[in-house]
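> 3D, please:
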Amino acid sequence: QVQLVESGGGLVQPGGSLRLSCAASGSIFSINTMGWYRQAPGKQRELVAGITSGGSTNYADLVKGRFTISRENAKNTVYLQMNSLKREDTAVYYCNADIRDSRWSPPLSYWGQGTQVTVSS
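Residues are numbered from 1 along each chain as shown. Prediction:
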């Protein structure tokens, strides 16, 4: 069994910063792409940023230049540094990872439980 546990959400003022963390645990052989998604009330879940096992990254246009995704492969952990936060960044942020539990298994997609980020004065 694989589990993704997120932390670091909370309430922050516009212009402030937050750092989200997501640690994968359990039966893990390898982790391919890891990423962060978000879902605001009444909206669909959307990709925020992704990072491959080799460190290549991609970002949604709305967060480019403000958010930075990184990972520590030895700790099976992915981070999202969020700077210059705006009210429209308010959402539940979800961690996602494509994980293989053995050499012979295809990667499966796993999700964290979500962490609330609220940007408000």
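
> count of residues packed around residue 27?
Residues lying near residue 27 (other CB atoms under 10 Å) number 12. In short, each C-beta sits where N, CA and C put it, glycine included.

> how about the nearest residue to it, chain neighbours excluded?
Distances taken as CB to CB, 6 or more residues apart in numbering put residue 101 closest to residue 27, at 4.4 Å, once the chain neighbours are dropped.

> Could you do residue 16 as well?
Per CB to CB, 6+ apart, closest to residue 16 is residue 85, 5.4 Å.

> which residue is nearest the middle of this protein?
The centroid of the chain falls nearest to residue 36 when counting by CA atoms, centre = their mean (2.7 Å).

> First-to-last residue distance for stretch 99-117?
The first and final residues of stretch 99-117 sit 26 Å from each other (CA to CA, to the nearest Å).

> List of residues touching it?
For stretch 99-117, the surrounding residues in contact (CB atoms under 8 Å, 6 or more residues apart in numbering) are 2-10, 12, 18, 20, 22, 24, 26-32, 38-39, 82, 85, 89-98.

> how far away is residue 56 from residue 120?
Distance, residue 56 to residue 120, using CB to CB, to the nearest Å: 34 Å.

> sorry, back to before: can you flag which of the contacts of stretch 99-117 belong to strands?
If you go by DSSP state E, the contacts of stretch 99-117 have 2-7, 10, 12, 18, 20, 22, 24, 26, 30-32, 38-39, 82, 91-98 in strands.

> what's around the residue nearest to residue 27, how many residues?
Using other CB under 10 Å, residue 101 has 16 other residues around it.

> Check it and give its pLDDT.
The score at residue 101 is 93. That number is its pLDDT.

> From residue 75, how far out is it?
18 Å.

> Low-confidence stretches in this protein?
Low-confidence segments of the chain, defined by pLDDT under 70: none present.

> What separation do you get for the spatially most distant residue from the centre of it and residue 117?
Distance from the C-alpha centroid of the chain peaks at residue 104, with 26.3 Å (CA atoms, centre = their mean). With distances taken as CB to CB, residue 104 is found 38 Å from residue 117.
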